[in-house]
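1. okay, sequence plus prediction incoming.
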Amino acid sequence: MDVKRKCVLVSACLMGERCKYNGGHNYNRDLVDYVADKEVITICPEVLAGLPTPREPVELREGHVIDVAGNCYDDLFEKGIERCLSEIAEKDIDLAVLQSRSPSCGVNQIYDGNFSGQKVAGSGLFAQKLKSLGYHVLDVEDIKQLEGK
């Protein structure tokens, strides 16, 4: 009997890929343990947009992606999101686990857009898009909810 493996979409930085704006990663052992028996698709919308690593930090302000100097990255982020959606179009994704507070992947919170370190309720652009398309999206900080599933 062929058992279908669950496919989980994961922010690449959570699996240890050095794709964060500062050249680092957000490796998460609990997540790695959870997906050990599942098919995993790692993705970084910002890298797929062609942004370098490291790169200038950006935040969402009034729906726009900006850096501290006020430069707008809306077009690049949209390009990255479209590339991500293209890569996962033929996949049977049961769950997306994304990085907290990211302007792309934040699920429950993002930074306030003033580069102050303050967080506000909200979602990054990629997380918003996945939710609007009906994907089950989870913040990595909520991974403990999945124990035993």
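-> Okay, I see it. Predicted, not measured: the structure shown is a model, and the values here were computed from it. Numbers count the residues shown, from 1 in each chain.
2. so how far is stretch 132-147 off the chain centroid?
-> 11 Å (Cα atoms, centre = their mean, to the nearest Å).
3. longest helix of this structure?
-> Across the chain, the helix with the greatest residue count (assigned by DSSP state H) is helix 74-88.
4. which parts of this protein are strands?
-> For the chain, the strands defined by DSSP state E cover 7-11, 39-43, 58-61, 64-67, 93-98, 109-111, 119-121, 137-139.
5. now tabulate these in TSV and tack on distance to L146 and mean neighbour count.
-> Every C-beta, even on glycine, is put in place using the N, C-alpha and C of the backbone. What follows is those, written out as TSV (distance: least, Cβ to Cβ, whole Å; neighbours: other Cβ atoms under 10 Å):
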stretch	distance to L146	mean neighbour count
strand 7-11	10	23
strand 39-43	14	18
strand 58-61	27	21
strand 64-67	30	18
strand 93-98	8	20
strand 109-111	19	21
strand 119-121	22	11
strand 137-139	7	20
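6. between the ones you listed, which one is nearest to E82?
-> Across the strands of the chain, E82 has its closest neighbour in strand 39-43 (12.4 Å, Cβ to Cβ).
7. which elements pack onto the closest one?
-> strand 7-11, helix 74-88 (3 or more Cβ pairs under 8 Å, 6 or more residues apart in numbering; DSSP states H and E).
8. rerun at 10 Å
-> Strand 39-43 is packed against strand 7-11, helix 29-34, helix 74-88, strand 93-98, with contacts defined by 3 or more Cβ pairs under 10 Å, 6 or more residues apart in numbering; DSSP states H and E.
9. what pLDDT is listed against the spatially most central residue of the chain?
-> Here the mean C-alpha position of the chain is nearest to the C-alpha of C105 (Cα atoms, centre = their mean), at a distance of 2.9 Å. As predicted, C105 sits at a pLDDT of 98.
10. against G63, how distant is the closest residue in space to it that isn't next to it in sequence?
-> Nearest in space to C105, with sequence neighbours left out and distances taken as Cβ to Cβ, 6 or more residues apart in numbering, is L98 at 3.7 Å. Distance check for L98 against G63: by Cβ to Cβ, to the nearest Å, it reads 19 Å.
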